[in-house]
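>>> Sequence and predicted model, in that order:
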Amino acid sequence: MTHLLYGIFIDPFVQMGTAPDLLVQTLWEGLVSGVLYALIALGFVLIFKASGVFNFAQGIMVVFSALTLVGLNENGMPAYLALALTIAVMLVLAFAVERVILRPLVNQPDIILFMATFGLTYFLIGLGELIFGGDPKVMISDQLQLPSGSYRIPIFGGYLQMQKIDVAAAIIASLMVAALAVLFNRTRIGRALRAVADSHKAALSVGISLEQIWVIVWFAAGVVALATGIMWGARSNVSFALEIIALKALPVLILGGFTSIPGAIIGGMIIGVGEKIGEFYWGPLLGSGIESWFAYVIALVFLLFRPQGLFGERIIERL
Amino acid sequence: MGRSVGGPILEVEGISLSFGGVVALQAVSLDAREHEIRAIIGPNGAGKSSLLNVINGFYHPQKGSVSFKGRKRRRVDPHEVAQQGIARTFQNIALFRGMTALDNLMTGRTLKMKSNFLHQVVYWGAARREELEHRAKVEEIIDFLEIQHIRRTPVGQLPYGLQKRVELGRALAAEPDLLLLDEPMAGMNIEEKQDMCRFILDVNDQFGTTIVLIEHDMSVVMDLSDRVAVLDYGRKIADGTPEEVRHHRAVIDAYLGVAH
């Protein structure tokens, strides 16, 4: 018994103190996966804010966009042209979703729209497999001139190893978040987005076109998905398995709040760092595997004590 | 009074609207003349709000037509109606609760803003200048409605009466030709009602805005309006000056119950 208590409450901290370089390395690894969770969560938040729809298909949009990019390149298209064309495909997808799913279902209960995004998920899986096949693909990192290799930074007598692609992912994610923050808070299109999020009928009455707003947010979410797909694909590879990992965004959202962009970022970081630290220091006690459930336990605790998340708005059910 | 009532700006003809088997409006016709204050009254469930929602484009009637500024319109969406110069408020306030009063009013100017999204990205400076012009106009309205002190307050935190005023401000920010007010004084105390009456009269007088308003409170309407239409069970039962309507047999019956 004392052995177990020692293992839980004392030993991990002793280890952290005696090998700070390992702690920093673990923190970095955590932050990197946190950034990727945060990016997926960001896509959810965008759409949820502006249309109140929980878009189950965000995960598959990540896979689909990355597949399109790699697939086009495989068929002989230069990398940057393929990138531009993939962005165009995401725009077409946004228009199609608005026209085929959102517009006919306007004013339906949220659960109906949620189910519709399930349908979209399976449609995109099928379409992706049909066109590009079901095999995992390798992200075209070199053609896109993404950095490879790693930095070795001496720290606390040891080394911090940072993959250059991870550093790039963190920078690109920060830039995207900054751009979205400016879009939401400093521009009139952002004001219109927030208006739609608050009240559909009031937004309509001042002349905001819901259709236009929906296309914009779905396109923005599509671009975020593409960036996520490239980064994630560069670290592992591009396959439909990514979609399962994308579900990690759910606990991130519960932690950060469904309507908050900073919440998505910070939630992603907390989950990412938490599960890596937990795995590394407490994992051996529990026979490891903490990484796969840690996020969901945190989410459960939040659902019990702070269901609106860290930064979310208190949800008041509209009638 | 600096206004003179002109020709009809809004003509509603033979509107019938039903939801499944429930008939909300039956062959209702009425018009509003330029610069007038036109009231629609009637007991609960008479179809007043439905009629406003038809004019506004939220509901599409099965029969009948709506003409605005002489143009008869087919099926239109609310944001297109807004483009034609019709603004409105709602019975149960529909504000952007998370935004400040100022941002709510700025949103009201959506249609007055020329630059679109791309434009804004490319010509950041021009877009900023335009924003400042609109800001000046919004400040005028803020002064007019005497809500300077709550400019920066998120509207969700404001008391009911002030929320109603901000909502009126948002509608005014669009500089509409026709303003639709759905029970602007519902749930207000006497003092707030008097303020609201004053604002409605001033809007009409100073900006020449045509106003169609729905009210429950008969006394308010009689003092305020040029002409009053009365709805009951989805039909128009009377129409005329306040004096005529007040003495109309069917109106008295509708409001007090039939006791011949």
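Looks like it came in fine.
>>> switch to C-alpha atoms for all contacts and neighbour counts from now on
Fine.
>>> Please report phi then psi for residue 187.
Because you didn't say which chain, this covers chain A. Here is the backbone geometry of residue A:187 (degrees, to the nearest 10): phi -120, psi 160.
>>> Let me rephrase: I mean chain B.
Dihedral angles (degrees, to the nearest 10) for residue B:187: phi 70, psi 10.
>>> cool, the one 10 residues further on as well?
The main-chain torsion angles of residue B:197 are listed as degrees, to the nearest 10 and equal phi -60, psi -40.
>>> Can you verify my assumption that it contacts residue B:222?
No: Residue B:197 is not in contact with residue B:222 according to C-alpha atoms under 8 Å; the separation is 11.5 Å.
>>> in what helix or strand does residue A:112 lie?
Taking DSSP states H and E as the definition, residue A:112 sits inside helix A:110-132.
>>> do residue A:152 as well
strand A:150-155.
>>> Listing partners with orientation, what would you give for that strand?
Partners of strand A:150-155 in the sheet, by DSSP bridges, are strand A:158-163 (antiparallel).
>>> count of residues packed around whichever residue of the stretch 101-250 of chain B sits closest to chain A?
When distances are taken as C-alpha to the nearest C-alpha, the stretch 101-250 of chain B reaches nearest to chain A at residue B:108, 5.4 Å away. When neighbours are counted by other C-alpha atoms under 10 Å in any protein chain shown, residue B:108 registers 28.
>>> these two touch, right, it and residue B:171?
Yes: under the criterion of C-alpha under 8 Å, residue B:108 makes contact with residue B:171 at 6.1 Å.
>>> any residues in contact with both of the two?
residue A:206 (C-alpha atoms under 8 Å, 6 or more residues apart in numbering or on different chains).
>>> quick revisit: run through who's touching the strand holding residue A:152.
Contacts of strand A:150-155 (C-alpha under 8 Å, 6+ apart): A:21, A:159, A:160, A:161, A:162, A:163, A:164, A:165.
>>> Surely residue B:90 forms part of a helix?
No: Residue B:90 sits outside any helix when classified using DSSP: H, G, I helix; E, B strand; the rest coil, being coil.
>>> Report the secondary structure state of the residue in the stretch 151-300 of chain A that chain B sits nearest to.
In the stretch 151-300 of chain A, the residue that lies nearest chain B is residue A:207 (3.9 Å; C-alpha to the nearest C-alpha). Under three-state DSSP, residue A:207 falls in the coil class.
>>> count of residues packed around the closest residue to it other than its chain neighbours?
Spatially, and ignoring its direct neighbours in sequence, residue A:207 is nearest to residue B:79 (3.9 Å; C-alpha to C-alpha, 6 or more residues apart in numbering or on different chains). For residue B:79, the count of nearby residues is 24 (other C-alpha under 10 Å).
>>> list the helices and strands the helix or strand containing residue B:79 packs on?
Assessed by DSSP H and E, residue B:79 sits inside helix B:78-83. Helices and strands touching helix B:78-83, by 3 or more C-alpha pairs under 8 Å, 6 or more residues apart in numbering or on different chains; DSSP states H and E, are helix A:200-205, helix B:48-56.
>>> on contacts alone, who are the packing partners of the helix or strand following the shortest one?
Past helix A:200-205, heading to the C-terminal end, the next element that is a helix or strand (DSSP H and E) is helix A:210-235. In terms of contacts (3+ C-alpha pairs under 8 Å, 6+ apart), helix A:210-235 is packed against helix A:20-51, helix A:58-74, helix A:79-96, helix A:164-186, helix A:188-198, helix A:200-205.
>>> Would you pull up how far the helix or strand containing residue A:13 lies from the middle of the chain?
Secondary structure assignment for residue A:13, by DSSP H and E: helix A:11-18. Remark: helix A:11-18 is offset 32 Å from the chain centroid, using C-alpha atoms, centre = their mean, to the nearest Å.
>>> what's next to the helix holding residue A:112, contact-wise?
A:52-57, A:60-61, A:64, A:67-68, A:71, A:101-102, A:105, A:134, A:240.
>>> go on, stretch A:188-198?
A:49-52, A:183-185, A:202-203, A:208, A:210, A:213, B:95-98, B:103, B:107, B:110, B:117.
>>> Put together TSV for the helices and strands packed on helix A:210-235, with mean neighbour count and mean pLDDT on each row.
TSV is the format used below for those (neighbours: other C-alpha atoms under 10 Å in any protein chain shown; pLDDT from 0 to 100):
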stretch	mean neighbour count	mean pLDDT
helix A:20-51	24	86
helix A:58-74	25	91
helix A:79-96	18	93
helix A:164-186	16	84
helix A:188-198	22	82
helix A:200-205	23	85
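>>> Can I get those helices in JSON lines including distance to residue B:126?
Formatted as JSON lines, those follow (distance: least, C-alpha to C-alpha, whole Å):
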{"stretch": "helix A:20-51", "distance to residue B:126": "27"}
{"stretch": "helix A:58-74", "distance to residue B:126": "35"}
{"stretch": "helix A:79-96", "distance to residue B:126": "27"}
{"stretch": "helix A:164-186", "distance to residue B:126": "14"}
{"stretch": "helix A:188-198", "distance to residue B:126": "13"}
{"stretch": "helix A:200-205", "distance to residue B:126": "25"}
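>>> Pick out the residue closest to the middle of chain B.
The residue lying closest to the centre of chain B (C-alpha atoms, centre = their mean) is residue B:180, at 1.5 Å.
>>> circling back: quick one: the spatially closest residue to the residue of the stretch 101-250 of chain B closest to chain A that is not a sequence neighbour and residue B:162, what's the gap?
Nearest residue to residue B:108, sequence neighbours excluded (C-alpha to C-alpha, 6+ apart): residue B:170, at 4.8 Å. Here residue B:170 is placed at a distance of 12 Å from residue B:162 (C-alpha to C-alpha, to the nearest Å).
>>> Settle it for me: which of those two has more neighbours?
Using other C-alpha under 10 Å, the more surrounded residue of residue B:170 and residue B:162 is residue B:170, with 30 against 19.
>>> May I have the secondary structure class of that one?
Strictly by three-state DSSP, residue B:170 counts as helix.
>>> Surely it is in contact with residue B:102?
No: with contacts counted by C-alpha under 8 Å, residue B:170 stays clear of residue B:102, the gap being 9.0 Å.
>>> Tell me who's in contact with the closest residue to residue B:8 other than its chain neighbours.
Once flanking residues are discounted, residue B:8 sits nearest to residue B:33: 3.8 Å by C-alpha to C-alpha, 6+ apart. Applying C-alpha under 8 Å, 6+ apart, we find residue B:33 in contact with B:5, B:6, B:7, B:8, B:9, B:10, B:210.
>>> now do residue B:74
Per C-alpha under 8 Å, 6+ apart, neighbours of residue B:74: residue B:65.
>>> and residue B:107, how far is that from residue A:74?
Residue B:107 is 46 Å from residue A:74, by C-alpha to C-alpha.
>>> Can you pull the residues of the stretch 101-250 of chain B lying near chain A?
Residues of the stretch 101-250 of chain B lying close to chain A by C-alpha under 8 Å from any C-alpha of the partner chain are B:103, B:107, B:108, B:109, B:110, B:111, B:117, B:170, B:171, B:174.
>>> Domains of chain B: list them as residue ranges, please.
With automatic domain parsing as the criterion, the domains of chain B are listed as B:1-85+B:177-260, B:98-175.
>>> Any idea which of those has the lowest pLDDT on average?
When the domains of chain B are ranked by mean pLDDT, domain B:98-175 comes last with a mean of 83.
>>> From the opening residue of stretch A:187-207 to its closing one, how far?
Using C-alpha to C-alpha, first and last residues of stretch A:187-207 are 17 Å apart.
>>> what about that stretch, distance to the chain center?
25 Å.
>>> what's the spacing between the longest helix anywhere in chain B and its chain's center?
For chain B, the helix reaching the highest residue count under DSSP state H is reported as helix B:124-144. Distance of helix B:124-144 from its chain centroid, counting by C-alpha atoms, centre = their mean, is 23 Å.
>>> Kindly report the same for stretch A:142-157.
For stretch A:142-157, the distance to the chain centre is 23 Å (C-alpha atoms, centre = their mean).
>>> again with stretch A:220-229
9 Å.
>>> just stretch A:54-65 next, same as before
Centroid separation for stretch A:54-65 versus its chain: 10 Å, with C-alpha atoms, centre = their mean.
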